[in-house]
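Colleague: The sequence and its predicted three-dimensional model are supplied below.
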Amino acid sequence: MQGVAYTVFQGTQPEPMDFVVLGVLRNLNGPKGSVILIRLHGQKVEYTGVVAGMSGSPAYIDGKLAGALAFRIGEFSKEPIAGVTPISEMMEINQLDRSPGNEGSTRKTALTAITPTAGPGAPATSINDFASALKPIETPLVFSGFTEDAIRMFAPQFTAAGILPVMGAGSVSGGKQPEPLVPGSAVSALLVRGDMDIAATCTVTYVDATRLLACGHPLMQFGNTDLPMNKANVLATLPSPANAFKIVDTTEPAGVFVQDRHAGIMGVFDHDAKMIPVRLSIHGGAGDKVFHYEVLNNPHISPLAMMATTFNALRGLNEYGEDVSYQMKGHISVNGYPDVDLTSLFSPVDNGRPAAIQAAMAVGDRFGRIFDNPYSAADVHGVDLEFNLVPERRSAVLEAAHADLTEVRPGQEIIIEAVLRPYRGDRVLRRIPVRVPTSVAPGPLHIVVSDGDTLDRMRRGPFAFGQRLDLASTIAQLNQEHSSNRIYVSLLESEPEARIGDKIMPSLPLSVMNVMDGMRSTQEMSVQGESSVGEASAELDYVVSGTQVLTVTVK
């Protein structure tokens, strides 16, 4: 059988490509998921090959829509051989959609589609050889306003999600594009928009008055999604045996992608996506810089997008350097809950990790923990980040600690002397007073002098890292975590302590612990062998690391 497919090589007008059907590959794209194997013909496609961004290009036979180009053969194929996702499988996506205005919809369409069947005498042996190298056509993920280091740093995570990062291969101008979206047009899904942009581009397969289908394979197969859908202008198609792709300028909004499924993605018109607004400001350099942008609201990609944009904003400054430290302030606003505090200090460490990547990972970690709870969806309203640059390495190691007393009585005050060694600096002495509670029983009392990260790990215990709390407890726990630029003194009594969610129950009698032990299977609970009965701290201009343990006797 012979047919014609359409895609945009340059501009906004789809161009035809002739093709010949080689056969049908059964069960290649999942159980009962057929792929129509075709060989494309035409001067342009034979020159460029099957390129990233071509996925979704509609393929017609005798005027009927057979499906969308979605697969290609290997990396260095000399022939433009492609796999087509049948349109019947893509049309199933509409039946799954429950987005506003489409709840329970059983929309009908005048579309005439072809059901793939294997014709007589199909060359099964050669087709199976092709199938061994068949893979989805990459969806180029264009980063606009990003440095090369930022893309290289986070490219593996985006690639693992199924989208190909490409730098300098397009932009998001947001300009006007009066041409309507038609089968064969380029269309973009935005993950980030504003002063920094991340856009994934593929091709429209089918359009009616209210919606469109595109790609012929998933972007990331999230199911229900909420991504801005924009028109796109193809500036050029870059041929390459290893990595051919379309250079795209993403233009005006056209609606929202509401479905990301195995057989393709679906967008609806006249809607706007709900994104998370971010304000990121940087002070202390040649001049203040403020960035405004929005990231998608998705549990899997939002933390990654926040890490990439935060690192990119810090890395793209003239003031950036290996020894620069960052004082971070800010918060994440979650509807119905207290703000999540983002205050911390970051300094380069000896293992070579720059402070900028530490700050980005800290922001991404908090985003991930907010989204990763099995009880309720986090409605994040916005993010406000403020960084103050410190043009030197602000780190210090705790070298020693001493107590002014070895024997104390309940209610008495102890002075802890902590000796810290700053990076390439003179030793610093800090005296931290801490009072012994009147309720402490006679016997040994351990005093732990440590940095905040060590104290958090010690409090959570070895079995608490895999626990997933409800959203309120997660936010409370995040706001209870200790700062990186303080030295902490903790008094530990030899009595068991239980933590349920974000609540702490210290110095529990053995009888109570026996009762609570049976709750571990139904409660987010961890048990420590010692109870924290007192705490004091002192603020420093350094990121502190190190731990010292002292012991005094309570008389």
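Modeller: Sure, I can see it. Residues are numbered from 1 along each chain as shown.
Colleague: can you give me the helices in the chain?
Modeller: Using DSSP state H, the helices of the chain run over 43-48, 87-96, 124-131, 148-160, 302-315, 355-371, 452-460, 471-480, 510-517.
Colleague: buried sites along the fourth one?
Modeller: Judged by neighbour count (16 or more other CB atoms under 10 Å), helix 148-160 contains these buried residues: 149, 150, 151, 153, 154, 155, 158. (Each C-beta comes from the backbone N, C-alpha and C, glycine too.)
Colleague: Check what pLDDT the second one gets.
Modeller: According to the prediction, residue 150 has pLDDT 87.
Colleague: tell me the domain boundaries of the chain?
Modeller: As assigned by automatic domain parsing, the chain contains the domains 2-136, 140-265, 276-390, 395-554.
Colleague: any idea which of these is most buried?
Modeller: With neighbours taken as mean count of other CB atoms under 10 Å, the domains of the chain reach their highest mean count in domain 140-265, at a mean of 21.
Colleague: remind me which residues of the stretch 101-250 of the chain are low pLDDT?
Modeller: 101-133, 161-169 (pLDDT under 70).
Colleague: And the strands in it?
Modeller: 134-136, 140-144, 164-167, 170-172, 186-194, 197-207, 211-214, 223-238, 245-261 (DSSP state E, counting those that start in this stretch).
Colleague: returning to what we had before: can you flag the weakest of the domains of the chain by average pLDDT?
Modeller: domain 2-136 (a mean of 79).
Colleague: Would you enumerate the residues in contact with residue 540?
Modeller: 396, 420, 428, 430, 485, 486, 487 (CB atoms under 8 Å, 6 or more residues apart in numbering).
Colleague: ok, residue 325 - contacts?
Modeller: Contacts of residue 325 by CB under 8 Å, 6+ apart are 345, 346, 347, 348, 355, 389, 390, 392, 393, 394, 395, 543.
Colleague: The fifth one contacts residue 347, doesn't it?
Modeller: Read it as residue 355. Yes: judged on CB atoms under 8 Å, residue 355 makes contact with residue 347 at a distance of 5.4 Å.
Colleague: hey, what's residue 385 bridged with?
Modeller: With DSSP bridges as the criterion, residue 385 is bridged to residue 280, residue 330.
Colleague: Wait, it touches residue 366, no?
Modeller: No: using CB under 8 Å, residue 385 makes no contact with residue 366, being 11.1 Å away.
Colleague: Quick check: neighbours shared by those two?
Modeller: residue 342.
Colleague: Residue 239 is in contact with residue 47, correct?
Modeller: Yes: counting by CB under 8 Å, residue 47 sits close enough to residue 239 to count as a contact (5.9 Å).
Colleague: Which residue would you name as the spatial centre of this structure?
Modeller: Nearest to the mean C-alpha position of the chain, counting by CA atoms, centre = their mean, stands residue 304 at 2.3 Å.
Colleague: That one and residue 311, how far apart?
Modeller: According to CB to CB, to the nearest Å, residue 304 stands 11 Å off from residue 311.
Colleague: between these two, what contacts are shared?
Modeller: With CB under 8 Å, 6+ apart, residue 304 and residue 311 have common neighbours residue 154.
Colleague: Quick check: nearest residue in space to residue 320, chain neighbours excluded?
Modeller: Of all residues not flanking residue 320 in the chain, residue 314 sits nearest, at 6.5 Å (CB to CB, 6 or more residues apart in numbering).
Colleague: One more: residue 61?
Modeller: residue 3 (3.9 Å).
Colleague: Show me what the one you found is bridged to.
Modeller: residue 19.
Colleague: so who does it touch?
Modeller: Neighbours of residue 3 in contact, by CB under 8 Å, 6+ apart: 18, 19, 21, 38, 59, 60, 61, 62, 66.
Colleague: which among those gets closest to residue 249?
Modeller: residue 59 (25.7 Å; CB to CB).
Colleague: Beta-bridge partners for the closest one, please?
Modeller: residue 5, residue 67.
Colleague: before we move on, the earlier item: the contacts of residue 3 into a markdown table, with extra columns for distance to residue 288?
Modeller: Shown next, in a markdown table, are the contacts of residue 3 (distance: CB to CB, whole Å):
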| residue | distance to residue 288 |
| --- | --- |
| 18 | 57 |
| 19 | 56 |
| 21 | 61 |
| 38 | 56 |
| 59 | 53 |
| 60 | 55 |
| 61 | 60 |
| 62 | 63 |
| 66 | 56 |
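Colleague: Could you identify the most distant pair in those?
Modeller: 38 and 62 (14.4 Å).
Colleague: next one: phi and psi at the residue nearest to residue 136 when sequence neighbours are not counted?
Modeller: Nearest residue to residue 136, sequence neighbours excluded (CB to CB, 6+ apart): residue 217, at 4.5 Å. When read as degrees, to the nearest 10, the backbone of residue 217 gives phi -150, psi 170.
Colleague: ok so, going back, test my guess that the residue nearest to residue 320 contacts residue 363.
Modeller: No: contact criterion CB under 8 Å: residue 314 and residue 363 do not qualify, at 10.7 Å.
Colleague: Would you check that residue 135 makes contact with residue 71?
Modeller: Yes: using CB under 8 Å, residue 135 is in contact with residue 71, at 6.3 Å.
Colleague: Surely residue 219 touches residue 188?
Modeller: No: between residue 219 and residue 188 there is no contact under CB under 8 Å: 10.8 Å.
Colleague: what is in contact with these two at once?
Modeller: In contact with both residue 219 and residue 188: residue 200, using CB under 8 Å, 6+ apart.
Colleague: which one of the contacts of residue 540 is nearest residue 292?
Modeller: Of those, the one sitting nearest to residue 292 (CB to CB) turns out to be residue 485, at 28.1 Å.
Colleague: Might you report the residue contacts of the closest one?
Modeller: Here residue 485 is in contact with 344, 345, 394, 539, 540, 541, 542, 543, 544 (CB under 8 Å, 6+ apart).
Colleague: where's the nearest residue to the fourth one once chain neighbours are set aside relative to residue 261, distance?
Modeller: By that I understand residue 539. Once flanking residues are discounted, residue 539 sits nearest to residue 486: 5.2 Å by CB to CB, 6+ apart. Residue 486 sits 49 Å away from residue 261, going by CB to CB.
Colleague: List just the nearest of the buried residues of helix 148-160 to residue 25.
Modeller: Taking the buried residues of helix 148-160 together and measuring to residue 25 by CB to CB, the closest member is residue 158, at 28.4 Å.
Colleague: Touching, the closest one and residue 307? I think so.
Modeller: No: contact criterion CB under 8 Å: residue 158 and residue 307 do not qualify, at 11.0 Å.
Colleague: on that earlier part again, want to try TSV for the contacts of residue 540, with distance to residue 318 as columns?
Modeller: Listed next are the contacts of residue 540 as TSV, based on distance: CB to CB, whole Å:
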residue	distance to residue 318
396	28
420	32
428	31
430	35
485	26
486	31
487	34
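Colleague: Which of the residues you listed sits closest to residue 247?
Modeller: residue 485 (45.3 Å).
Colleague: picking that back up, I'd like the helices of the chain as JSON lines, with distance to residue 326 appended.
Modeller: Listed next are the helices of the chain as JSON lines, based on distance: least, CB to CB, whole Å:
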{"stretch": "helix 43-48", "distance to residue 326": "44"}
{"stretch": "helix 87-96", "distance to residue 326": "44"}
{"stretch": "helix 124-131", "distance to residue 326": "51"}
{"stretch": "helix 148-160", "distance to residue 326": "16"}
{"stretch": "helix 302-315", "distance to residue 326": "7"}
{"stretch": "helix 355-371", "distance to residue 326": "5"}
{"stretch": "helix 452-460", "distance to residue 326": "16"}
{"stretch": "helix 471-480", "distance to residue 326": "19"}
{"stretch": "helix 510-517", "distance to residue 326": "42"}
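Colleague: just so I know, which of these lies nearest residue 492?
Modeller: Residue 492 sits nearest to helix 452-460 of all the helices of the chain, at 9.0 Å, using CB to CB.
Colleague: what's in contact with the closest one?
Modeller: Outside helix 452-460, the residues touching it (CB under 8 Å, 6+ apart) are 448, 450, 481-484, 486, 488, 490, 499, 504, 526, 528, 532, 544-545, 547.
Colleague: Phi and psi next, for residue 470.
Modeller: phi -70, psi 170.
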